[in-house]
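>>> okay, here's the prediction I keep looking at, along with the sequence it came from:
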Amino acid sequence: MEKSSLVSEFLKKDYLVCPDIFEFINENPSKFIDFLDQKFKEREKPFVINKDILISLNFLNDLKFNWGEFDKSRVLLEKGRDLVSYFNCLKLINKKEDLDFGDNINKGNFSIKPNVKILKNYIKDEKKIEIQDFIGSFRVRYKNIRELLQNRPELFDVISINKIMNKKEKETVSIIGMISNKILTKNNNFIMEAEDLTGVIKVIIDKKNSELYNICKDIMLDEVIGVVGSFSKGVLFCKNLIYADIPMTKELKKCPDEVYAICTSDLHIGSKLFLKDEFLSFINWLNGSVGNEKQKEIAEKVKYLFFCGDSVAGIGVYPNQENQLVIKDIFEQYNELAELLSKIRKDIFIIMCPGNHDAVRLSEPQPILDKEFAKPVYELENVILVTNPGWINIHSSDTFSGFDFLLYHGFSFPYFATNIESIRKEGGTARGELIKKYLLQRRHLAPSYSSSLYLPDTKKDHLIIDILPDFFVTGHLHQISNLDYRNITLIGCGCWESLTEYQEKVGSKADPSKVTLINLKTREIKILNFSKEAM
């Protein structure tokens with residue numbers, strides 16, 4: 001039967017097929033269609049049937065899958081706009097965690113089956129940016145945060161600003177607004193301007209209310225907050241300020257398996273200060289080659305390894321950087337990265353997001369590493385590349401929903417360390433956990449527009465924290481910092497680069513050669529030190 005006739009037979013049954021499936025049909029389309037009907041009897045059909053799906057059908061018995069997203073990822077792959085999502089979908093379909101990882105593995109405990117799912121992946125939009133896009137992006141941000149704030153009981157009766165003028169004098173009202181201005185008066189009271197989609201109103205915070213006054217000190221422009229106050233003479237006298245924040249009822253997840261994850265960041269491969277020997281010692285420990293019996297037992301149970309940006313030093317990131325490089329070719333830097341990662345046991349999933357030193361655009365959200373530069377990394381079978389920020393679920397099973405990780409390199413952190421008075425007084429960039437707590441309360445990774453280079457998007461704000469993570473992992477500051485906030489574990493990663501002359505000059509500190517080890521069964525955290533002094 002000709003291929004055109006075969007295609008017609010499938011179309012009669014609402015199947016659109018690719019040419020690569022015909023080798024499976026053997027001139028008997030009816031039997032093959034019956035096979036498909038049986039497989040998709042109780043689940044949504046994919047829009048297009050291709051060879052990859054057919055290969056995976058033997059594994060579909062207990063799998064719920066979003067075929068619409070799969071079809072979309074295939075289209076984006078063919079357009080060259082997303083080179084990883086399609087293959088991540090295939091990994092999920094094939095339940096790759098149940099498959100062998102190759103014959104070259106001498107060590108590794110395969111009794112615990114790791115798995116990784118990408119919850120959100122930013123797809124780069126190639127459209128030209130116009131002035132109206134910035135306005136549209138602020139509107140999107142406002143609407144998204146407003147939806148989160150409306151779940152707060154203090155704002156159950158929130159109204160739009162243009163309706164306040166109809167209220168009685170000194171009547172209590174609630175609004176949700178974006179802060180467009182904040183000044184300190186001669187009498188040391190704060191006056192803010194809150195704006196929604198209908199209008200603008202002045203909000204006064206009296207210095208006599210010390211609690212609200214201290215909160216107001218840390219409010220930045222462009223934040224979206226709830227305000228409860230008394231309306232009088234065209235202004236709102238503030239009684240309460242409400243953030244979207246993390247619900248108090250968030251579950252503290254613990255998994256049934258004794259399995260470990262490791263978080264680290266900022267390798268800066270290519271830098272003269274990259275601590276290669278120490279990083280190799282870390283890899284040797286992961287592979288069970290060093291350590292006592294207890295340490296080797298823990299290493300064997302490590303199944304997830306997170307790298308939170310700046311895996312390479314990059315080229316031209318700052319003036320005269322070439323004087324600080326031992327590898328001055330970006331391709332060679334990624335070749336070296338791939339060579340090092342290839343030494344890690346293949347039963348460990350390596351999840352990587354980019355940072356400001358990587359060969360991607362600086363503006364956030366950042367897409368995954370560019371295959372043009374990082375092709376050797378793409379070829380590593382146990383490496384999963386995600387965007388910055390990246391949202392990942394790990395270690396789910398039939399009986400456990402898994403852990404949701406938020407990875408964010410942290411380019412906005414120095415801004416808040418400098419401009420938020422309470423954080424600055426507590427140590428600034430040395431207190432990365434306080435910065436992360438601040439961002440969780442605002443439910444945004446860069447709530448003040450000037451805190452980061454942000455690419456406007458009129459459809460979605462990709463820096464909003466709309467999924468409540470179990471772990472919030474960051475890099476950039478090169479310092480270890482940990483904190484539990486409302487059942488979310490905040491992890492600031494150490495680095496693999498010694499202090500530069502500039503960092504020493506400005507008084508920066510770092511935690512080189514240290515990684516954060518998480519026991520996913522108990523949520524206990526330990527810091528492992530692979531420096532030469534510690535070894």
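Okay, I see it.

>>> list the buried residues for the longest helix anywhere in the chain?
Using DSSP state H, we find that the single longest helix of the chain is helix 131-149. For helix 131-149, a neighbour-count test (16 or more other C-beta atoms under 10 Å) marks 137, 138, 140, 141, 142, 144, 145, 146, 148, 149 as buried. C-beta coordinates here come from the backbone N, C-alpha and C atoms, glycine included.

>>> right, and the fifth one touches residue 194 too?
Yep, that's residue 142 we're talking about. No. Contact between residue 142 and residue 194 fails when scored by C-beta atoms under 8 Å: they sit 10.8 Å apart.

>>> what is in contact with those two at once?
residue 178 (C-beta atoms under 8 Å, 6 or more residues apart in numbering).

>>> related to what we said a few turns ago, give me the residues contacting the longest helix of the chain.
155, 158, 176, 178, 196-197, 222, 224-226, 242-244, 442-444, 449, 454, 456-461, 464, 466.

>>> I'd like the next helix or strand past that helix.
strand 172-184 (DSSP states H and E).

>>> which SSE is immediately downstream of that following strand?
Using DSSP H and E, the next helix or strand after strand 172-184 towards the C-terminus is strand 190-195.

>>> sheet-wise, list the partners of that next one with their directions.
strand 172-184 (antiparallel), strand 200-205 (antiparallel) (DSSP bridges).

>>> mind checking those strands for the one nearest to residue 296?
strand 172-184 (53.2 Å; C-beta to C-beta).

>>> and that closest one, how far out from the chain middle?
29 Å (C-alpha atoms, centre = their mean, to the nearest Å).

>>> list the buried residues for that strand?
173, 174, 175, 176, 177, 178, 179, 182.

>>> can you check stretch 247-254 too?
Buried-residue list, stretch 247-254, by 16+ other C-beta under 10 Å: residue 253.

>>> over to stretch 31-43?
For stretch 31-43, by 16+ other C-beta under 10 Å, it's 32, 33, 36, 39, 40.

>>> am I right that the first one sits in a strand?
No. Counting by DSSP: H, G, I helix; E, B strand; the rest coil, residue 32 is not part of a strand but helix.

>>> hey, where'd the strands end up in the stretch 351-500 of the chain?
Under the criterion DSSP state E, counting those that start in this stretch, the stretch 351-500 of the chain contains strands at 383-385, 390-394, 403-408, 471-474, 481-485, 488-492.

>>> adding distance to residue 425, mean pLDDT and mean neighbour count, write those strands out as a markdown table.
As requested, the strands of the stretch 351-500 of the chain are arranged in a markdown table below (distance: least, C-beta to C-beta, whole Å; pLDDT from 0 to 100; neighbours: other C-beta atoms under 10 Å):
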| stretch | distance to residue 425 | mean pLDDT | mean neighbour count |
| --- | --- | --- | --- |
| strand 383-385 | 38 | 94 | 24 |
| strand 390-394 | 32 | 95 | 24 |
| strand 403-408 | 24 | 97 | 25 |
| strand 471-474 | 21 | 98 | 28 |
| strand 481-485 | 16 | 96 | 17 |
| strand 488-492 | 19 | 97 | 24 |
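
>>> next, format those strands as TSV and append distance to residue 529.
Listed next are the strands of the stretch 351-500 of the chain as TSV, based on distance: least, C-beta to C-beta, whole Å:
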stretch	distance to residue 529
strand 383-385	25
strand 390-394	25
strand 403-408	23
strand 471-474	19
strand 481-485	15
strand 488-492	16
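
>>> let me know the pLDDT of residue 128.
We have a pLDDT of 83 for residue 128.

>>> and it, its phi and psi?
Backbone torsions of residue 128, given as degrees, to the nearest 10, read phi -70, psi 140.

>>> low-confidence ranges, the stretch 101-250 of the chain, go.
101-113 (pLDDT under 70).

>>> hmm, 80 instead?
Residue ranges of the stretch 101-250 of the chain with pLDDT under 80: 101-114, 121, 123-127.

>>> hmm, back to that, just how off-centre is the longest helix of the chain within its chain?
Distance, centroid of helix 131-149 to centroid of chain: 20 Å (C-alpha atoms, centre = their mean).

>>> quick check, residue 199 in contact with residue 162.
Yes. Shown here, residue 199 and residue 162 form a contact pair, counting by C-beta under 8 Å, at 4.5 Å.

>>> burial count for the residue nearest to residue 403 when sequence neighbours are not counted?
Excluding its sequence neighbours, the residue lying closest to residue 403 (C-beta to C-beta, 6 or more residues apart in numbering) is residue 470, at 4.5 Å. If you count neighbours by other C-beta atoms under 10 Å, residue 470 ends up with 22.

>>> ok, residue 533 next?
Neighbours around residue 533, by other C-beta under 10 Å: 6.

>>> list the residues that contact the residue sitting nearest the centre point of the chain.
Nearest to the geometric centre of the chain sits residue 390, at 2.3 Å (C-alpha atoms, centre = their mean). The neighbours of residue 390, taking C-beta under 8 Å, 6+ apart as the test, are 118, 120, 121, 351, 353, 405, 406, 407, 408.

>>> now those in CSV, with distance to residue 315?
Converted to CSV, the contacts of residue 390 look like this (distance: C-beta to C-beta, whole Å):
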residue, distance to residue 315
118, 28
120, 29
121, 26
351, 25
353, 20
405, 29
406, 29
407, 24
408, 23
